[in-house]
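Engineer: output the structure for:
(one chain, ligands or ions: 1)
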Amino acid sequence: MENIKLNNGVKIPQLGLGVFQIEDDKVLKQAVLAAIKAGYRHFDTATLYRNEQALGEALAESGIARDDLFVTSKVWNTVTTYDGTKQAFADSLKKLNMDHLGLYLIHWPKEGYLEKWRALEDLYSQGLVRAIGVSNFEKKDLDTLLAHARVKPAVDQVETHPYYQRPELHALLKDLGIAYESWSPLGRAKNGALQDPLLQKIGQKHNKTVAQVIIRWHLQKGEIVIPKSTHEQRIFENSNVFDFALSADEMKQIEILDKNESMN
Ligand code: A2P
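Structural biologist: Residues are numbered from 1 along each chain as shown. Just a heads-up that it's a prediction; the model follows:
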């Protein structure tokens, strides 16, 4: 899988497996082991998802060296203090059975996020996490954070899919040198993008599924992308996107599908 470099020089596999809403341990383990077989080395979880322990167990079972894995977790909104954030991080590490994480994010810009950021900065300087970042931060939140931060966030993970493309946030993050990571890149399968006629047409042309076209589109926009699936065949399908390219014209056509429509 292709890597991209974060603003601190750390490499992250551009495609990862999102494990949001996979709460059944057995289902999660099967999905993670399938993903390892398909070549995924990057996994995106959060305290909120309640599957860090099962993820840690599956990764240990996979036999892949820890240094070859990139795991992201996130501190949840109920934690609002510096000490609470450090404790939450320690709990996540313990559940994942790891001595450090790839990336740790503030899940939402809620109460205490500047305090929380200070804790992330300290975890980062202690070498307990390779990069730190934020999730669901809009321009105003980033402005406030950057006015106080010692360490610039490496990543902002936000909702993005063909019907919610966020060109302004894209431009802003590019200017700031913060990597753009998209959650629910397929529109959670419920917003209809997977049935979109234009995407179907483009898929037919390349002999690829709509999901593959959408993931490829994210990759070509330079985003880090974490599609979720519990089905082995789809996990493979979603990773089989490095052997074709969308043309500049196809990228333009997809741009026009934007409805600025969040699912939140
Ligand atoms: P499932 O887990 O049953 O495979 P997102 O990452 O945008 O949140 O989308 C995840 C949703 O899309 C899940 O409901 C997942 O279902 C479904 N999904 C993931 N990959 C594919 C695919 N290749 N084709 C169709 N649906 C998919």
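Engineer: contacts, neighbours, all on C-alpha from now
Structural biologist: OK.
Engineer: helices or strands next to the helix or strand encompassing residue 170 in the packing?
Structural biologist: Using DSSP states H and E, residue 170 sits in helix 167-176. With contacts defined as 3 or more C-alpha pairs under 8 Å, 6 or more residues apart in numbering; DSSP states H and E, the packing partners of helix 167-176 are strand 179-183.
Engineer: would you map the helices across this structure?
Structural biologist: 25-38, 52-62, 82-96, 113-125, 139-148, 167-176, 197-206, 210-220, 232-239, 248-255 (DSSP state H).
Engineer: return the most buried member of these.
Structural biologist: helix 210-220 (a mean of 23; mean count of other C-alpha atoms under 10 Å).
Engineer: show residues contacting that helix.
Structural biologist: Identification of contacts with helix 210-220 by C-alpha atoms under 8 Å, 6 or more residues apart in numbering yields 14-15, 161-162, 185-186, 194-195, 199-200, 202-203, 224-225, 227, 237-242, 245-246, 251.
Engineer: now stretch 250-264
Structural biologist: Stretch 250-264 is contacted by residues 159, 162-166, 187, 191, 198-199, 202, 217 when judged by C-alpha under 8 Å, 6+ apart.
Engineer: any part of stretch 43-50 near the ligand?
Structural biologist: No - judged by C-alpha under 6 Å from any ligand atom, stretch 43-50 and the ligand are separated, with a smallest distance of 10.9 Å.
Engineer: list the buried residues for that stretch?
Structural biologist: For stretch 43-50, a neighbour-count test (16 or more other C-alpha atoms under 10 Å) marks 43-50 as buried.
Engineer: one more: stretch 189-198?
Structural biologist: 191, 193-194.
Engineer: so what touches that stretch?
Structural biologist: Here stretch 189-198 has contacts from 162-163, 186-187, 199, 210-211, 254, 263, using C-alpha under 8 Å, 6+ apart.
Engineer: what sits against whichever residue of the stretch 1-150 of the chain sits closest to the ligand?
Structural biologist: Closest residue of the stretch 1-150 of the chain to the ligand, C-alpha to the nearest ligand atom: residue 18 (6.6 Å). Shown in contact with residue 18 (C-alpha under 8 Å, 6+ apart): 43-45, 183, 226-229.
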